[in-house]
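Undergrad: got a predicted structure plus its sequence, pasted below:
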Amino acid sequence: MIITRNLKNIRASTLDLHIHSNASVDGQFSPRELVKQVAKYGVHTVAVSDHDTVRNVLEMMKYANQSSIEVIPAGEFSCDWKKYDIHVLGYGIQIQDKRFEQLKQELEERMCESSKKMVEAVKAMGIVLQEEKIWKQAVHGVIAPERIGESALELQQNRNHPVLQPFFPGGERSDNPVLNFAWDICERGGPAYIPVQHNTPDKVIDLIHDTGGVAILAHPGCCFGKDVSVAVEFLEEFQVDGIEVYSSYHEEETVAVYRKLAEERNMLVTSGSDFHGKTKPNLTPGCVSCENRENEILERLKMAIKKRK
């Protein structure tokens, strides 16, 4: 797992094409609150790219318009490909298309069941949870693994549990304990991981294109690391239009690798923080530098969307 990099020396950007609202199970802020966060950090253009849903986009656009903030309609869609968890960003999509809501509802049904199994799997490890509190935080019956981590780490009964020691102060995973708990315990390869069937990349990409949008491979460094050969295989198999080169998951070396790949294939380049709020507390809107390429990135993206209409 690639850990979000230290951002202390990164210049703020006025462009952030990857932020989340509370329509995502792990997002904190409502659209109204999110607009305030975006304005606070001086971001001029954003894309609300919630997990597998476009439910908050219209509301976000309404409040953003009052603050002279530009919102590009978007979504971040989860896909299964081989052994990888892939995320594809769709920009400029027709959010009123009913297929997006149908896709979300079908996925929610599967995720509701997996949430129940995940809670039971964590409890089977001998970890005590505040189940009532966790379920109150569920979004449409789906629990974010981070909420399970919060519950586990705040209870005194779990203080001496050997599995949790790395997440407590002084532990090797204590830099962002709740998120690291989710990654290490509940995600792929973890002891409480419950597989969920997501959509295939071609289904998601076709839907994005059918609704006038462009498809971008999100944070490939998180999916593939620096193994460019796997990324190339994915790009050759599926008709994505670009790569999220500038990401909070990417160190400078990773940025260089994927920037070169995008340039060689004449693909779009995008930039995004993956801001969620308290789930990823070291991230803020616009915290990822795109090397002063804001205007170029936005202009090319808008041109590509226009060609799709």
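TA: The structure has been received and is ready for your questions. A quick note: this is a predicted structure, and the numbers were derived from the prediction, not measured.
Undergrad: could you list the low-pLDDT ranges of the chain?
TA: 1-11 (pLDDT under 70).
Undergrad: ranges for the strands of it?
TA: 15-19, 45-48, 70-71, 74-81, 84-91, 214-217, 242-247, 268-272 (DSSP state E).
Undergrad: so which elements touch the fourth one?
TA: It refers to strand 74-81. Applying 3 or more CB pairs under 8 Å, 6 or more residues apart in numbering; DSSP states H and E, we find strand 74-81 packed against strand 84-91, helix 98-124, helix 201-210. Backbone N, C-alpha and C define where each C-beta goes, glycine included.
Undergrad: what would those look like in CSV with distance to residue 162?
TA: Formatted as CSV, these follow (distance: least, CB to CB, whole Å):
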stretch, distance to residue 162
strand 84-91, 27
helix 98-124, 14
helix 201-210, 39
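Undergrad: including distance to residue 250 and mean neighbour count, could those go into TSV?
TA: Formatted as TSV, the helices and strands packed on strand 74-81 follow (distance: least, CB to CB, whole Å; neighbours: other CB atoms under 10 Å):
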stretch	distance to residue 250	mean neighbour count
strand 84-91	14	22
helix 98-124	27	16
helix 201-210	21	19
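Undergrad: now render the strands of the chain as CSV, adding distance to residue 295.
TA: Converted to CSV, the strands of the chain look like this (distance: least, CB to CB, whole Å):
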stretch, distance to residue 295
strand 15-19, 9
strand 45-48, 10
strand 70-71, 13
strand 74-81, 19
strand 84-91, 16
strand 214-217, 18
strand 242-247, 14
strand 268-272, 12
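Undergrad: residue 230 is nearest to which of these?
TA: For residue 230, the closest of the strands of the chain is strand 84-91, at 7.5 Å, according to CB to CB.
Undergrad: and the contacts of the closest one?
TA: 17-18, 47, 49, 72-80, 187-188, 198, 201, 204-205, 207-208, 211, 213-219, 223-224, 230, 234, 240, 244, 270, 272, 301, 305 (CB atoms under 8 Å, 6 or more residues apart in numbering).
Undergrad: ChimeraX command to pick out the buried ones of the residues you listed?
TA: In ChimeraX syntax, the buried subset of those is picked out as below (16 or more other CB atoms under 10 Å):
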select :17,18,47,49,72,73,74,75,76,77,78,79,198,201,204,205,207,208,211,213,214,215,216,217,218,219,223,224,230,234,240,244,270,272,301,305
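Undergrad: circling back to that earlier point, nearest to residue 174, of the strands of the chain?
TA: Across the strands of the chain, closest to residue 174 is strand 242-247 (CB to CB), at 23.5 Å.
Undergrad: what helices or strands is that closest one leaning on?
TA: strand 15-19, strand 214-217, helix 220-224, helix 252-264, strand 268-272.
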